[in-house]
Structures are given as structure tokens and as C-alpha cells.
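1. Quick one, fold the following:
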Amino acid sequence: MIENRRKKSLIALTMVSPFILVFATFFFYPMVEMVRISFTDSPLIGQGNFVGFANYAKLFSDRLFVTSLKNNGYFLLLTVIPTTVIALLIALAVGRLSGLKQTLAMCLFFVPYILPVSVVTEIWAWMLDLQFGILQPVISLLAGKPVAVFKNPYWVMPMVAVVTIWWTNGFNVLLFIAGLRNIPTELYEAASLDGATRWQSFWRVTWPLLWPVTTLVLTLQLILQLKIFDQIYLLSGGGPFNSSFVLLLQVYREAFQLNNGGYASAVATVLFLLIVIVSVLQFQLLRIRRAS
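-> Got it, this is the predicted structure:
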């Protein structure tokens, strides 16, 4: 029995060792180095002197950091809940289809997700171009005149949010569709026999059983949107007047443009801790909501 246990343990260790090796090499070690460098004044490449918490103390007086933090929070409000609601509505609509129609609808909503960010931003930059954009009539209808949305401090973050939702929502739709398919049809039949309306069936059957998937989607979206960088870098570069400047953009600026590796690591460490704390807190609150 002891030999069998040792053999099973050795087999298990052999199977998980590739993951442990990759995780330690590409995540754990860089994370430890990031935290270590954040306590120094080192450049991007090379050694630096130990400065303690000086980089972290500097964050509280850095107006750009405060602005970036506010912009990250604003972007969360624009994306996390809206994209979850939109994905749920699309999934409910697609779930009513069948056969080829359902397949085509799923492909239609998922295709943007497989596009690289450079292609997505180029498409939307063309559609929202001030002179030739095909969506400028819609902007004119809302604003009363054409607007260069990515150069306007009031329009830039909402439009980046629209681009992000259009680009990433296909994955959320698939998650909700998978959740809907796991709900037994017998429950709907029983609700129908009891005289429940469609809204009552959704509120009493679909929504409670779909809550774990909703929790997953909300948590994933929170993590992803806190790490926003690509769309803003390509569409607005953080402008105008830092109105779309976010934390990862500041990490990029400090590390690769100003060669302040220590300070960039401090900003990245704060962002990492923020993602961990907020995502865990949200996940636990949603679990409590489900249990109640």
C-alpha cells in the first residue's frame, strides 16, 4: 500500500510539474522581482539602491497616479455591469433560437472576440472618424454636431468602453449560454404548469440557477477591465488631458519612457494588490448574495 501511494504521488507530481514550472517561471518569480524592485530606485534594466517605501509614499502626491486610479474606477462603472447585462440579454435571445439560426447568431457575437486588439481599434477608429466615419451621424444626433470622440475628454472613456464591450462580450455570451443549457427543462415545464409567466420563470428559475455564472462573469470582467491598456493606448494614448490615462499606461510610461523601473514596479504592485483585493471581495460578496 505504501508503494502504491508513493507511485501515485510520483505520477501526480510528474503531471503537475510542467504547470508548476511554468507558473514559477513566468508568474511567481516576476511577481517577486516586481515587489523587490518597487523598494529601489533602479532603472528598467540594471540595479538600483534600496529606498524603502519612498516609491509608495510618492504615489500619494502623484496627481497622475490619482487621476489614473479615478479613470480605472470610472471605466469599471462603464463596463463591468453593462457588459454582464448585455451578455445575459443576448444569451437569452440566442437561447430562444434553434438549429442553424442559433449557430449563426453565436458565431456573429463571438467573431469580434477572436480579433486582435489592433484590428478592433482600427475598425472603430475608422467608423468614428470625424470626417468619414459611418457612425458620425449617430454621434451628431446625440451631440448636435460631429465629435472627434477619442480627442474629447467627455467622450473618450465611454467610447473606449463601447469598443471594449463589443470586442469582449462574445466570451461572456458563451458562458451564459452554457449556463442556460445546464438548467433542466423540467423546471420550466413545472413552472408553466403552475401558471408562471415568462418573467416569473426567469426570476424564480433562470436567475437563481444562473447566479454562479453571473458571479464568474462579473469577477472576470472586474479583473480584465482593471487591466485595461491596449484599447486606450491605441485609440487615445491616455489623452486628451489625461482623461483616459489609466494605471497600466502609467506603468508603461514610467518604465519604458522615463526609465523609472522602481517607481513603475510600485504602481504595478499597487494595481496587482487592488485587483486581488477587489476581485476577492466582490466574489465573496456575490457568494453571500447567492446564499441569502
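2. can you give me the strands in the stretch 151-292 of the chain?
-> Taking DSSP state E, counting those that start in this stretch, the stretch 151-292 of the chain contains no strands at all.
3. For it, which residues score under the pLDDT cut-off?
-> By pLDDT under 70, the low-scoring segments of the stretch 151-292 of the chain are 288-292.
4. same check, this time on the stretch 1-150 of the chain
-> The stretch 1-150 of the chain contains residues with pLDDT under 70 at 1-3.
5. which residues of the stretch 151-292 of the chain fall in helices?
-> Assignment of helices within the stretch 151-292 of the chain using DSSP state H, counting those that start in this stretch yields the ranges 156-181, 185-193, 198-201, 207-226, 230-235, 247-252, 261-291.
6. Dump these to CSV, plus mean neighbour count.
-> C-beta coordinates here come from the backbone N, C-alpha and C atoms, glycine included. Below are those laid out as CSV (neighbours: other C-beta atoms under 10 Å):
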stretch, mean neighbour count
helix 156-181, 20
helix 185-193, 12
helix 198-201, 12
helix 207-226, 18
helix 230-235, 20
helix 247-252, 21
helix 261-291, 17
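7. and L10, which of those helices is closest to it?
-> Each of these has some distance to L10 by C-beta to C-beta; the shortest is helix 261-291, at 33.3 Å.
8. Go ahead and measure how far the closest one is from the middle of the chain.
-> Distance of helix 261-291 from the chain centroid (C-alpha atoms, centre = their mean, to the nearest Å) equals 13 Å.
9. Longest helix in this protein, by number of residues?
-> helix 63-95 (DSSP state H).
10. Now it: buried residues?
-> Neighbour-count burial for helix 63-95 flags 64-65, 67-69, 71-72, 74-76, 78-80, 83-84, 87-88, 90-91, 94-95 (criterion: 16 or more other C-beta atoms under 10 Å).
11. Buried residues, the next helix-or-strand element following that helix. List them.
-> With elements assigned by DSSP states H and E, the helix or strand that comes after helix 63-95 is helix 99-110. Neighbour-count burial for helix 99-110, counted by 16+ other C-beta under 10 Å, picks out 105-106, 109.
12. how close does the residue most central in space within the chain sit to R287?
-> When C-alpha atoms, centre = their mean is applied to the chain, the residue found nearest the centroid is L224 (2.0 Å). From L224 across to R287, the span is 20 Å (C-beta to C-beta, to the nearest Å).
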